[in-house]
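Q: test case, fold it:
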Amino acid sequence: MEKSLPDVIGDICDPEESRVAFVRDLFGRLGEKWSMRALDELAHGPLRFTALMNALPGISHRILTVTLRTLEGDGMVSRTAYPETPPRVEYALTPLGESFLCRALSMVAWAQDHQQEIETNRAARR
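A: Numbering: from 1, shown residues only. Reported below is the predicted structural model:
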């Protein structure tokens, strides 16, 4: 049974719910700049670390490493090491990561659809 909007909002805002902390933490992790950009790049197919780094201008080696480890830990990204010389490692979206991106893209579309209205509202407040 689908919940009504007030029920969903109540669930999100109820400070006693352990799920609240989890959702906030997850949204914070997935919504940060490099996570979303890395997921977006991996949506086009598996990439090696260096190729992913090149696709994300401005990211440091350390930040990309931390980001990928976090995404891998959450099950959004898989890491495959191939027994070759030199070693080859590829990162790819998992089904969970693909599922998240599908939903995130609907939020992106909503933001783009309402960008002008939101910018107008912001300007009116200044």
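Q: show me the domain layout of this protein.
A: 1-31, 33-125 (automatic domain parsing).
Q: could I get those as a markdown table with mean pLDDT and mean neighbour count?
A: (Glycine included, C-beta is placed from N, CA and C.) Formatted as a markdown table, these follow (pLDDT from 0 to 100; neighbours: other Cβ atoms under 10 Å):
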| stretch | mean pLDDT | mean neighbour count |
| --- | --- | --- |
| domain 1-31 | 71 | 10 |
| domain 33-125 | 94 | 14 |
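Q: quick check: phi and psi on A81?
A: phi -100, psi 130 (degrees, to the nearest 10).
Q: who's in contact with it?
A: 87-89 (Cβ atoms under 8 Å, 6 or more residues apart in numbering).
Q: who does it form a beta bridge with?
A: V89 (DSSP bridges).
Q: and it, how far is that from E90?
A: 8 Å (Cβ to Cβ, to the nearest Å).
Q: contacts for the strand or helix carrying V108?
A: Under the criterion of DSSP states H and E, V108 resides in helix 95-113. With contact meaning Cβ under 8 Å, 6+ apart, helix 95-113 is reached by 30, 36, 39-40, 42-43, 71, 74-77, 93, 118.
Q: can you tell me the SS state at the residue in the chain sticking out farthest from the centre?
A: For the chain, the residue at maximal distance from the C-alpha centroid (Cα atoms, centre = their mean) is T85, at 32.0 Å. Three-state call for T85 (DSSP: H, G, I helix; E, B strand; the rest coil): coil.
Q: what does it show for phi and psi?
A: According to degrees, to the nearest 10, T85 has phi -120, psi 120.
Q: again, but for L47
A: phi -140, psi 150.
Q: quick check: the gap between it and V89.
A: Counting by Cβ to Cβ - L47 and V89 are separated by 10 Å.
Q: go on, N54?
A: Taking Cβ to Cβ, one finds N54 at 15 Å from V89.
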